[in-house]
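Engineer: model this:
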Amino acid sequence: MAEIKYDIVEELGTISQTSTGWTKELNLISWNNRQAKFDLRDWSPEHEKMGKGITLSSEELKALKELLNKIDL
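Structural biologist: All right, here's what the predicted structure looks like:
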């Protein structure tokens, strides 16, 4: 399996944290030296391991924001 390269361009915020120190974060990440995208996933402390996540373009993040604004929580 090919190595996945990533560069966390900007840490935008932490959504939650588990008792083991893993955090669910929204970051701006460049994957394999490509244009940075918004990324939501779980990270271990120091960002050495990651869980499955979702990567969104600016347009997709805007559409998600509009959908979330419609939800009455």
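
Engineer: contacting residues for Asp40?
Structural biologist: In this structure residue 40 is Leu, not Asp. Ile15, Lys24, Glu25, Leu26, Gly53, Ile54, Leu56 (C-beta atoms under 8 Å, 6 or more residues apart in numbering). Glycine gets a C-beta too; all of them are placed from N, C-alpha and C.

Engineer: what number of residues lie near Pro45?
Structural biologist: Other residues within reach of Pro45, judged by other C-beta atoms under 10 Å, total 11.

Engineer: spatially nearest residue to it, not counting backbone neighbours?
Structural biologist: Gly21 (4.3 Å; C-beta to C-beta, 6 or more residues apart in numbering).

Engineer: SS state for the one you found?
Structural biologist: Put simply, Gly21 is coil when judged by DSSP: H, G, I helix; E, B strand; the rest coil.

Engineer: thought it was touching Trp43?
Structural biologist: No - in this structure, Gly21 is not within contact of Trp43 by C-beta atoms under 8 Å, at 9.5 Å.

Engineer: settle it for me: which of the two has more neighbours?
Structural biologist: Trp43 (21 against 10).

Engineer: for the chain, just list every one of the helices.
Structural biologist: Using DSSP state H, the helices found in the chain span residues 58-70.

Engineer: low pLDDT regions in it?
Structural biologist: Low-confidence segments of the chain, defined by pLDDT under 70: 1.
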